[in-house]
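In: predicted model and sequence below, questions to follow.
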Amino acid sequence: MPSAFVEVLGCVSVFPVEEGQRHQLDSNEPFRINRMTGDLSLPHARVSRKHARLESIKGIWCAIDESSTNGTLVNGRNANPPIPLQQGDIIDIAGVLLLRFGTPPPRNATMENAIADEPADEGRWRVWQDWLLEQNDPVGQWMNARERTMTERAASLGPLAKGFKGRELSCTWNRLGFVSHLTMQFHSLGDLPNALWLLRHLDDVPAARFITSLTLELLPIALRDQTPPAVTLIEALAVAALPRSLRHLHLAGHLPTTPGPGFRSMTERPPPKQIDAALAHLRRSSPYLETTERSLITWQVAPAQ
């Protein structure tokens, strides 16, 4: 059975649920959405203790309302009895959470690897585009578009849309509507929505699937963390899965010119062995990566106290 997911379209602000987040569905286990428990917890008075579940029944994903007080709707229809889900269906949980049901788009590893090997070869892009159009994949149509608004660009980034609209992400786009350079600015890994998701699943965002350059910029406020942010970031990179097309990776960490209490320890780089291990891991998924340890992290050194 093909894999499936639900993507958050919108949620009331009191929850730690970010627009664009994706939740993978397991055909062997129901995906439960409840007030305090389950795979997605929504602590709101309108959400029932047992509210809804998404379940694969005879190979078909269905939305099922668990006799909740405020209901579960699929495209405006009550999901009691269960409603089979189709690509793009909108699931409304008690007027509190909006989810979109989806299935992963078709992938062609041979064509995608050919682009990643030579990102400047437009002929390889066109071969892939023709294949996408044959599959009725909207990405192929996106490549044909002449003009793309900022809203459309944000939508193409999927789970990264909120950070892009909030100017925490900046992008350089190629002529076909794909990101060639991506810069992330964040205070800590937890402050930028989906930051850890990005490092593990950037290849899953079609518009960013063939980036050649990635900059991760730590801002001074990050230095309030107990663990030096560069160390935290290296730990995250040690399990990252970045695109095969990546050529350059730059981590920039800026220390304040007037350090306050506790800033002295933040001037230290991660241990060289830790950096080496992270780079070795990254080169397995990004074999063309040209970054070296020396250029990996650039610190503006704080004045001695």
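Out: Here it is on my side, so go on. Numbering: from 1, shown residues only.
In: can you pull the phi/psi pair for the residue nearest to Leu25 when sequence neighbours are not counted?
Out: Once flanking residues are discounted, Leu25 sits nearest to Ala4: 4.6 Å by Cβ to Cβ, 6 or more residues apart in numbering. Glycine gets a C-beta too; all of them are placed from N, C-alpha and C. The phi/psi pair for Ala4 (degrees, to the nearest 10) reads phi -150, psi 170.
In: and for Ala4, the neighbour number?
Out: Residue crowding around Ala4 was assessed by other Cβ atoms under 10 Å; the count is 20.
In: how about Ile60?
Out: Neighbours around Ile60, by other Cβ under 10 Å: 12.
In: could you do Gln21 as well?
Out: Close neighbours of Gln21, defined as other Cβ under 10 Å, add up to 20.
In: would you list the phi and psi of it?
Out: Taking degrees, to the nearest 10 as the convention, Gln21 sits at phi -60, psi 140.
In: does the residue nearest to it when sequence neighbours are not counted have any beta-bridge partners, and if so which?
Out: Among residues not flanking Gln21 along the chain, Val8 sits closest, at 4.7 Å (Cβ to Cβ, 6+ apart). Beta-bridge partners recorded for Val8 (DSSP bridges): Leu99.
In: need the contact list for Val8.
Out: Residues counted as contacts of Val8 (Cβ atoms under 8 Å, 6 or more residues apart in numbering) are 17-23, 97-99.
In: continuing past the one helix or strand Lys162 maps to, what's the next helix or strand?
Out: Element membership for Lys162 (DSSP states H and E) is helix 161-165. Counting by DSSP H and E, the next helix or strand C-terminal to helix 161-165 is strand 169-173.
In: which elements pack onto that next one?
Out: strand 179-186 (3 or more Cβ pairs under 8 Å, 6 or more residues apart in numbering; DSSP states H and E).
In: can you list the strands that the strand it packs on pairs with?
Out: strand 169-173 (antiparallel), strand 213-218 (parallel).
In: got the ones you listed as JSON lines, with distance to Asp203 columns?
Out: Below are those laid out as JSON lines (distance: least, Cβ to Cβ, whole Å):
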{"stretch": "strand 169-173", "distance to Asp203": "16"}
{"stretch": "strand 213-218", "distance to Asp203": "12"}
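In: that older thread, list the buried residues in the helix holding Lys162.
Out: By neighbour count on 16 or more other Cβ atoms under 10 Å, the buried set for helix 161-165 is 161-165.
In: again with stretch 51-66
Out: For stretch 51-66, by 16+ other Cβ under 10 Å, it's 51-56, 61-66.
In: report the two of those separated the most.
Out: Using Cβ to Cβ, the buried residues of stretch 51-66 span at most 18.7 Å, a distance reached by His51 and Ser56.
In: now Thr183: how far from His248?
Out: 12 Å (Cβ to Cβ, to the nearest Å).
In: give the contact list for the nearest residue to Ile115 once chain neighbours are set aside.
Out: Nearest residue to Ile115 in three dimensions, chain neighbours excluded: Arg124, at 4.9 Å (Cβ to Cβ, 6+ apart). Arg124 is in contact with 111, 114-115, 118, counting by Cβ under 8 Å, 6+ apart.
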